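**Q** pasting the sequence and the predicted model now:
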Amino acid sequence: MTKQDCFYLGRVAKPFSYKGELVLFFDVDDPSEYLNLKFVYIEINKRLIKYNIESIRPHANKMVVRFEDVTIEESNILVGKDLYLPLDMLPKLEGNKFYFHEVIGFEVIDEEKGDIGTIKEIFDNMTQPIMSIDHKGKEILIPIIDEVVKEVDKQHKTIKIKAPQGLIDIYLL
């Protein structure tokens with residue numbers, strides 16, 4: 001399994017008990033969707049290693065797990081490591097909701113300007129996510145917020161937007 005075939009789930013936060021259990025932080029909207037996990041991939045030395053889950057239970061806003069065939073000493077080595085799952089395990093999203101990786105390459109159509117280009121990247125390290133759109137070699141940055149994104153058509157690979165007045169023009173000067 002490679003990282004390209006997976007999505008980032010979270011990380012191993014800390015040891016939990018003397019029995020080798022670990023606290024996992026899931027970087028997701030609803031951790032309870034993952035209560036029935038049978039395994040996770042943990043990145044060790046830039047490789048994804050599959051760990052089968054013996055038990056999993058919620059604890060505050062995190063999960064406590066015990067991995068199969070992992071000693072207490074081995075479990076301590078996993079603290080701070082990143083967790084991954086295969087892309088096909090992502091929960092399905094309805095309506096205008098989407099995962100950032102799945103809209104790369106979608107055409108963006110503005111209500112006023114029409115087809116403005118193709119999404120080449122999503123920046124998610126800011127106060128709000130931003131889509132980077134390639135418009136004939138120029139970059140247009142559009143916020144991904146409900147007021148802007150009006151319709152997501154996954155079948156036709158298009159996103160219809162209503163950009164704030166004048167925003168697109170700034171990039172086309």
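**A** Great, that's in hand.
**Q** least confident secondary structure element in this protein?
**A** helix 72-77 (a mean of 91; mean pLDDT, DSSP states H and E).
**Q** list the buried residues of that helix.
**A** residue 75 (16 or more other Cβ atoms under 10 Å). C-beta coordinates here come from the backbone N, C-alpha and C atoms, glycine included.
**Q** next, count neighbours for residue 85.
**A** Number of residues near residue 85 (other Cβ atoms under 10 Å) recorded here: 20.
**Q** returning to that earlier point: which residues does the least confident helix or strand of the chain contact?
**A** For helix 72-77, the surrounding residues in contact (Cβ atoms under 8 Å, 6 or more residues apart in numbering) are 15, 18, 19, 20, 21, 22, 67.
**Q** and those residues, which are buried?
**A** For these, buried by 16+ other Cβ under 10 Å: 15, 20, 21, 22, 67.
**Q** sorry, back to before: show me what whichever helix or strand comes after the least confident helix or strand of the chain is in contact with.
**A** The helix or strand immediately downstream of helix 72-77 is strand 82-86, counting by DSSP states H and E. With Cβ under 8 Å, 6+ apart as the test, strand 82-86 has contacts from 1, 3, 5-12, 24, 26, 37, 40-43, 48.
**Q** and strand 82-86, which strands flank it?
**A** strand 6-15 (antiparallel), strand 39-44 (antiparallel) (DSSP bridges).
**Q** could I get the full set of strands for this structure?
**A** 6-15, 22-26, 39-44, 47-59, 62-67, 82-86, 107-110, 114-123, 130-135, 138-143, 149-153, 158-161 (DSSP state E).
**Q** report how many residues lie close to residue 105.
**A** Residue 105 - counted by other Cβ under 10 Å - has 9 other residues nearby.
**Q** just list the residues touching it, thanks.
**A** 118, 119, 120, 157 are the contacts of residue 105 under Cβ under 8 Å, 6+ apart.
**Q** what about it, distance to residue 71?
**A** 45 Å (Cβ to Cβ, to the nearest Å).
**Q** before we move on, back to that, reformat the strands paired with strand 82-86 as TSV; add distance to residue 170.
**A** Putting the strands paired with strand 82-86 into TSV (distance: least, Cβ to Cβ, whole Å) gives the following:
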stretch	distance to residue 170
strand 6-15	32
strand 39-44	39
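**Q** without its sequence neighbours, what residue ends up closest to residue 2?
**A** Spatial nearest neighbour of residue 2, excluding adjacent residues (Cβ to Cβ, 6 or more residues apart in numbering): residue 48 at 7.0 Å.
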